[in-house]
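S.K.: need a 3D model of the sequence below.
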Amino acid sequence: TMAVPAGVRFKIVIRNEGREPIEFESLQLRKEKVLAPGARSFVVIAPLKPGEYDFFDEFHPDTSKGRIVAK
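M.R.: Okay, here's the model as predicted:
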């Protein structure tokens, strides 16, 4: 879980430290980013209303999940 202030734009840095591709995805945030093994990238998130926003690795949805909590 990652806490962020509501109403503030922010950046999430994503690193794939595994040996297979991953895909950062959030349906609620309308964001997705595919990373090759060893790659690093980021996604910029527009200011959020207070609430909880889930994200996951679409290629490995059972093992890679997270949540952003905007307060």
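
S.K.: going forward, measure contacts and count neighbours with C-alpha atoms only.
M.R.: OK.

S.K.: in its sheet, what does the strand or helix carrying Ile14 sit against?
M.R.: According to DSSP states H and E, Ile14 maps onto strand 10-15. With DSSP bridges as the test, strand 10-15 is paired with strand 40-45 (antiparallel).

S.K.: OK, contacts around Lys49?
M.R.: Ala6, Gly7, Ala70, Lys71 (C-alpha atoms under 8 Å, 6 or more residues apart in numbering).

S.K.: from Phe10, how far off is it?
M.R.: Lys49 is 13 Å from Phe10, where distance means C-alpha to C-alpha, to the nearest Å.

S.K.: check Pro50 too.
M.R.: Per C-alpha to C-alpha, Pro50 is found 14 Å from Phe10.

S.K.: for the contacts of Lys49, which PyMOL command selects only the ones that are buried?
M.R.: PyMOL command restricting the contacts of Lys49 to the buried ones, with burial defined by 16 or more other C-alpha atoms under 10 Å:
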select buried, resi 70
